[in-house]
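> Sequence plus predicted model, see below.
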Amino acid sequence: MESRRLEGPTAAVLDPETEFLASKQETGNEWELFKENVRPLKRGRNVGLLNGALKSHSDSQLRNSLLQHRRRLIEAIDDYNGEDPLQPWIECIKWVQEAFPPGGDCSGLVLIYEQCVRTFWHEDCYKADLRYLKVWLEYAENCVDAEVLYIFLEANKIGVTHASFYISYALHMEHKNKNKTANDIFNRGLSMKAQPVEKLTTAYKKFLTRSMRQLNATDEDVTDNHLPARSFGTVLTRQTRNQPSESSDIFRKKLKTHRLEHGFHVHKSLMLLALLKFELVPTITVYKYE
């Protein structure tokens, strides 16, 4: 990234964002300037609203206006008397996501997530509500102990009818190299017939394919690294004839240790059976020649 220096005794290296804020100029295309700091949204962003929000970095009046609007949305949550008290929370969350694209503490978004999930976790009417589950999943993305949240959700039957819950939970465990746990989570979702089933099945197939690639790569890597070293034409003596069996035992022990260290707890045969179930492993056709 290009940087420039200020002239004079207080010279300092400025990145483009800081330089823009110092100059108080308006580019009309703030997205290009700040895009590296904008957190992506799965639903996408309104570029016009995004540029307006980014201008608030250099416009104190606009920034105060955003803060006041956020305050009004929070007050609207407290004042709501309708039949769907979750809705004003959803509206507030979506607006804050758009108005404070970098996220972070200044947006107050994580605190809003936390207050929202705490408010409704005991409400039976929202346990199967996909909107409420999405708030939990977005909150989990900002927590270092997300596994605790997923365990809490499943124990309290929050969102367990939705495929999104099992996919997010399983992918989180896969990221932690707990593939066996991730596999079990996918299977629980399938047994629950979580909706949409097609989405869950597709995600599970991709997980199985990734897991098999990891197992195969591990097998190849360990085999290459632990084959006994021999030169072509080596003369076998009484002592060297016993080495292959000893080397094989050492190899098997190292292979087991290697797999445990890398978290590959899902047995390969079980993975193959699961892949065959979804017809992801090609069958071998035997041709008989006359």
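All right, it came through fine. Residues are numbered from 1 along each chain as shown.
> Can you name the residues that contact the closest residue to Arg188 other than its chain neighbours?
For Arg188, ignoring the flanking residues on the chain, the nearest one in space by C-beta to C-beta, 6 or more residues apart in numbering is Tyr166 at 6.7 Å. C-beta: built from backbone N, CA, C; applies to glycine. Under the criterion of C-beta atoms under 8 Å, 6 or more residues apart in numbering, the neighbours of Tyr166 are 185-186, 188-189, 192, 194, 200.
> can you redo those residues as TSV with secondary structure, pLDDT and neighbour count?
Below are the contacts of Tyr166 laid out as TSV (DSSP: H, G, I helix; E, B strand; the rest coil; pLDDT from 0 to 100; neighbours: other C-beta atoms under 10 Å):
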residue	secondary structure	pLDDT	neighbour count
Ile185	helix	98	25
Phe186	helix	98	27
Arg188	helix	98	16
Gly189	helix	98	26
Met192	coil	97	16
Ala194	coil	98	21
Leu200	helix	98	23
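> the helices in the stretch 101-250 of the chain, which residues?
Listed in chain order, the helices of the stretch 101-250 of the chain (DSSP state H, counting those that start in this stretch) span 109-120, 130-140, 146-155, 163-175, 179-191, 197-226, 243-261.
> Which among those is found nearest to Leu66?
Nearest of the helices of the stretch 101-250 of the chain to Leu66, taken as C-beta to C-beta: helix 109-120 at 12.9 Å.
> Mind giving me the packing neighbours of that closest one?
Where contact means 3 or more C-beta pairs under 8 Å, 6 or more residues apart in numbering; DSSP states H and E, helix 109-120 is packed against helix 86-99, helix 130-140.
> Any chance of those in a markdown table with mean neighbour count, distance to Arg213 and mean pLDDT as columns?
Shown next, in a markdown table, are the helices and strands packed on helix 109-120 (neighbours: other C-beta atoms under 10 Å; distance: least, C-beta to C-beta, whole Å; pLDDT from 0 to 100):
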| stretch | mean neighbour count | distance to Arg213 | mean pLDDT |
| --- | --- | --- | --- |
| helix 86-99 | 18 | 35 | 93 |
| helix 130-140 | 20 | 26 | 97 |
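> Any chance of CSV for these, columns distance to Ile74?
Formatted as CSV, the helices and strands packed on helix 109-120 follow (distance: least, C-beta to C-beta, whole Å):
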stretch, distance to Ile74
helix 86-99, 6
helix 130-140, 15
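> These: which one's closest to Lys178?
Among the helices and strands packed on helix 109-120, helix 130-140 comes nearest to Lys178, with 15.6 Å by C-beta to C-beta.
> Tell me what angle the closest one forms with helix 86-99.
If you take axes from the mean of the first three to the mean of the last three C-alpha atoms, to 10 degrees, helix 130-140 sits at 40 degrees to helix 86-99.
> Please save the CA atoms from helix 130-140 in CSV.
Provided in CSV are the C-alpha atoms of helix 130-140 (Å, rounded to 0.1, in the frame of the first residue of the first chain):
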residue,chain,number,x,y,z
LEU,A,130,-34.7,-18.5,11.9
ARG,A,131,-34.2,-14.7,12.5
TYR,A,132,-33.4,-15.4,16.1
LEU,A,133,-31.0,-18.2,15.2
LYS,A,134,-29.2,-15.9,12.7
VAL,A,135,-28.6,-13.4,15.5
TRP,A,136,-27.0,-16.2,17.6
LEU,A,137,-24.9,-17.4,14.7
GLU,A,138,-23.6,-13.9,14.0
TYR,A,139,-22.9,-13.4,17.7
ALA,A,140,-21.0,-16.7,17.7
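> With that, I have no additional questions.
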